[in-house]
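**Q** After the sequence you'll find the predicted model.
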Amino acid sequence: MAAISLNKARTIVRKALAKGREMELKPLSVVVLDAGGHVQAFEREDGAAPGRFDVARGKAYGSVMLGMAGTAQMARAEQQHYFMTAVNGLFGGSVIPVPGGVLVYDKKGAVIGAVGVTGDTSDNDAIAAMAGIEAAGLSGEI
């Protein structure tokens with residue numbers, strides 16, 4: 001199984017935070033998970049609420065565990081709330097089905113992890129995540 005290297009994970013975090021500053025977003029928190037849902041890297045900007053780690057992780061965790069980006073999870077939750085309720089029960093309440101949870105693919109199209117960004121609007125969080133992913137030479141799905 002391909003993996004996100006620590007170097008690429010750090011690049012994703014650094015560039016996602018830089019994009020947030022460029023866009024003048026509220027303080028962000030960024031987490032990178034590997035394909036098994038384990039944390040590769042995390043940073044929380046000064047001024048970001050302490051609970052943001054769990055929110056960022058929840059966005060990314062749902063993406064990698066379901067193989068479904070945050071936008072698709074939100075649509076699924078709106079159409080079939082019972083499914084996302086069941087999934088959240090299954091994963092101990094660890095899934096946050098909104099944009100900002102972004103699947104990460106390698107150059108061959110295999111899912112190698114997910115990024116979760118939180119702190120601003122969910123759509124802006126997703127933009128920051130994609131900036132980090134692309135800067136690391138990878139592709140993502142919002």
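**A** Arrived safely, thanks for sending.

**Q** Report the secondary structure state of residue 94.
**A** For residue 94, the secondary structure call by DSSP: H, G, I helix; E, B strand; the rest coil comes out as coil.

**Q** Hmm, I typed the wrong one, I wanted residue 114.
**A** strand.

**Q** cool, residue 102 as well?
**A** Following three-state DSSP, we place residue 102 in the strand state.

**Q** Now do the strands in the protein.
**A** With strands called from DSSP state E, the chain shows them at 29-34, 39-44, 101-105, 111-118, 139-141.

**Q** a markdown table for those, including mean neighbour count, mean pLDDT and distance to residue 59?
**A** C-beta: built from backbone N, CA, C; applies to glycine. Converted to a markdown table, these look like this (neighbours: other Cβ atoms under 10 Å; pLDDT from 0 to 100; distance: least, Cβ to Cβ, whole Å):
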| stretch | mean neighbour count | mean pLDDT | distance to residue 59 |
| --- | --- | --- | --- |
| strand 29-34 | 28 | 98 | 8 |
| strand 39-44 | 18 | 98 | 12 |
| strand 101-105 | 28 | 98 | 3 |
| strand 111-118 | 30 | 98 | 4 |
| strand 139-141 | 19 | 97 | 13 |
